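# okay, sequence plus prediction incoming.
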Amino acid sequence: RPRLVSAHLSQASYRSKAAACGAAALRCKASIRSGSESLLGPTAIETNREDDNEVKTTKGDKMKGKRGNNEGSIYKRKNGLYSVQYMSQGKRKTLYAKTRTEANDKLIVALKARQDGMELPSEKMTVRVYAAQWLERVKLNRRHKTIVFYECNLRVHIIPALGHIRLVRLQAADLHAFYASLSKKKGLSPKSIQGIRATIRAMLQMAVREEVIVRNVASLVTSPKVEPREFPMISREQLKKFIDVCRHEPLEAIYVMALNTGARQAELLGMQWSRVDLDKGEMNITHQLERRTGQGYFLVEPKTRAGV
């Protein structure tokens, strides 16, 4: 028989019973979520579980991707572009990128520049502008012949095709198309294309060191393979006949030295008597003759020790 409850319960007793009922209701709800049968039915239980998981996953992703203070932020805009925001000198600055990877690269460069107390390079700088700056810098520690080589590649091939592209937006795909056009449209040899690639790679490598760009995209693109060339060899009979024809010629000594030593033309023209020992029949190649347009001729050291 149900126990009779007095109608004259004290207010404290009423609150205590209400709390007990509330706790029982919470235990019942927990039992429902754990999979026990209830008035809600199996379908309702499944739906509630999925909703809870979605909320937790979303919250977890946000917490995982959230950056700390002064670390900047990246978010996608409605127009499909990515916005990069960071604080510098007390001001909020914004950059834009087409892809998430590009946005992350820009944020890394911006934060590094802020840490070093440097001004972030302008995103509007084109390949043409930076190439001119780079060429002036490398003149301090490159040989004259190398500078001429760089300048020719830039003026004739690189700047006309890539000069209008912003340096930070230069992609590997741009270089792929550029090298293909050099081969198909201009008919350049693989060796010539390799030289142009070497110029671009050297330029972009300095841009990476100066933190103008994050990575050197030229290193991601391979150049055409250069097939080894086979040079014809002359026979002993032809060699003797050539020496006989050259006798008493003004350049006879040059021809004989070239045939007997295999030295390069510039090395032979730069040979000095102080480097020749007639008694021992030896000569020491330490310099070579170099012609500089508008400046004349100069004696310079070989590029590497292998040339000595």
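Cool, the structure landed.
# what is the burial count for the residue nearest to Ile200 when sequence neighbours are not counted?
Closest residue to Ile200 apart from its sequence neighbours, by C-beta to C-beta, 6 or more residues apart in numbering: Ala218 at 4.8 Å. C-beta: built from backbone N, CA, C; applies to glycine. Other residues near Ala218 come to 19 when the count uses other C-beta atoms under 10 Å.
# look up phi and psi at Ala218.
Here is the backbone geometry of Ala218 (degrees, to the nearest 10): phi -70, psi -30.
# now it: how far from Phe178?
10 Å (C-beta to C-beta, to the nearest Å).
# with Thr126 instead?
Distance of Thr126 to Phe178, computed by C-beta to C-beta: 15 Å.
# now Glu227
For Glu227 relative to Phe178 (C-beta to C-beta), the value is 22 Å.
# can you check Val217 too?
From Val217 to Phe178 the distance is 11 Å (C-beta to C-beta).
# and for Met206?
The value you get for Met206 to Phe178, if C-beta to C-beta is used, is 19 Å.
# and these two? Which one has more around it.
Taking neighbours as other C-beta under 10 Å, Met206 and Phe178 compare with Phe178 leading, 19 against 16.
# show me the contacts for that one.
By C-beta atoms under 8 Å, 6 or more residues apart in numbering, Phe178 lies in contact with Ala161, Leu162.
# element containing it?
Assigned by DSSP states H and E, Phe178 belongs to helix 172-184.
# quick check, distance from stretch 128-147 to the centre of its chain.
How far stretch 128-147 lies from its chain's middle: 20 Å, per C-alpha atoms, centre = their mean, to the nearest Å.
# other residues contacting that stretch?
With C-beta under 8 Å, 6+ apart, stretch 128-147 has contacts from 150-151, 154, 158-159, 163-164, 167, 202-203, 206-207, 212, 290, 292, 298, 300, 303.
# of those residues, buried ones?
Among the contacts of stretch 128-147, those classed as buried by 16 or more other C-beta atoms under 10 Å are Tyr150, Leu154, Ile158, Ile159, Leu167, Ala202, Met203, Met206, Ala207, Val212, Glu290, Val300.
# which non-adjacent residue is nearest Asn216?
Nearest one to Asn216, counting by C-beta to C-beta, 6+ apart, is Leu204 at 4.5 Å.
# could you do Val148 as well?
Thr293 (7.7 Å).
# for that neighbour, grab phi and psi.
Phi and psi for Thr293, reported as degrees, to the nearest 10, are phi -60, psi 130.
# number the chain from 55, please
With the count now opening at 55, the last piece we talked about shows up as Thr347.
# picking that back up, pLDDT, secondary structure and distance to Asp333 added to the buried ones among the contacts of stretch 182-201, as JSON lines?
Below are the buried ones among the contacts of stretch 182-201 laid out as JSON lines (pLDDT from 0 to 100; DSSP: H, G, I helix; E, B strand; the rest coil; distance: C-beta to C-beta, whole Å):
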{"residue": "Tyr204", "pLDDT": "95", "secondary structure": "helix", "distance to Asp333": "44"}
{"residue": "Leu208", "pLDDT": "96", "secondary structure": "helix", "distance to Asp333": "50"}
{"residue": "Ile212", "pLDDT": "96", "secondary structure": "helix", "distance to Asp333": "53"}
{"residue": "Ile213", "pLDDT": "96", "secondary structure": "helix", "distance to Asp333": "55"}
{"residue": "Leu221", "pLDDT": "91", "secondary structure": "helix", "distance to Asp333": "60"}
{"residue": "Ala256", "pLDDT": "95", "secondary structure": "helix", "distance to Asp333": "46"}
{"residue": "Met257", "pLDDT": "95", "secondary structure": "helix", "distance to Asp333": "51"}
{"residue": "Met260", "pLDDT": "92", "secondary structure": "helix", "distance to Asp333": "50"}
{"residue": "Ala261", "pLDDT": "91", "secondary structure": "helix", "distance to Asp333": "55"}
{"residue": "Val266", "pLDDT": "82", "secondary structure": "coil", "distance to Asp333": "58"}
{"residue": "Glu344", "pLDDT": "81", "secondary structure": "strand", "distance to Asp333": "30"}
{"residue": "Val354", "pLDDT": "80", "secondary structure": "strand", "distance to Asp333": "28"}
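# from those, pick the one nearest Ser243.
Ile212 (16.9 Å; C-beta to C-beta).
# pLDDT weak spots in the chain?
For the chain, the stretches with pLDDT under 70 are 55-124, 170-176, 357-362.
# ranges for the strands of it?
Along the chain, the stretches classed as strands by DSSP state E are 127-130, 136-142, 145-151, 330-331, 336-337, 342-346, 350-354.
# and of the ones you listed, who's closest to Leu293?
Among the strands of the chain, the nearest to Leu293 by C-beta to C-beta is strand 336-337 (20.1 Å).
# in its sheet, which strands sit next to the closest one, and in what direction?
Note on strand 336-337: by DSSP bridges, its sheet partners are strand 330-331 (antiparallel).
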